[in-house]
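Trainee: With the sequence up front, the predicted model follows.
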Amino acid sequence: MDLLHRKGAAGVKTCVLLRKIGRQTIAVEPDYTGFEIPNAFVVGYGLDFAGDYRHLPFIGVLPDGVEHP
């Protein structure tokens, strides 16, 4: 965001679809948030795990017992 301002942007807004509270490593407060979600590994709607689950037409939590990062 700072880079865009330095490049001459009159304004910069941020928008996130999913926000995991407490998982941020950089302090950024988005201007718009779709959903706040728990600290869980989510898949679907383009989010995948090892190439799987990306095709799901919804966002869900990875099932218990599946090893993930």
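Mentor: On my side now, so go ahead.

Trainee: ok, the residue nearest the centre of the chain - contacts?
Mentor: In the chain, the C-alpha nearest the mean C-alpha coordinate belongs to residue 18, at 4.4 Å (CA atoms, centre = their mean). Neighbouring residues of residue 18 by CB atoms under 8 Å, 6 or more residues apart in numbering: 34-35, 37, 42, 59. Where C-beta positions appear, they are placed from N, C-alpha and C, glycine not excepted.

Trainee: Okay, and it sits in which element?
Mentor: Per DSSP states H and E: residue 18 is located in strand 15-20.

Trainee: The following helix or strand past that strand vs strand 15-20, what angle?
Mentor: Moving toward the C-terminus from strand 15-20, the first helix or strand encountered (DSSP H and E) is strand 32-37. With axes from the mean of the first three to the mean of the last three CA atoms, to 10 degrees defining the directions, strand 32-37 sits at 20 degrees from strand 15-20.

Trainee: centre of the chain versus stretch 52-69, how much separation?
Mentor: 14 Å (CA atoms, centre = their mean, to the nearest Å).

Trainee: If we go by neighbour counts, what in it is buried?
Mentor: 53, 59, 62 (16 or more other CB atoms under 10 Å).

Trainee: I'd like those as CSV, with distance to residue 27 appended.
Mentor: Converted to CSV, these look like this (distance: CB to CB, whole Å):
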residue, distance to residue 27
53, 30
59, 25
62, 27
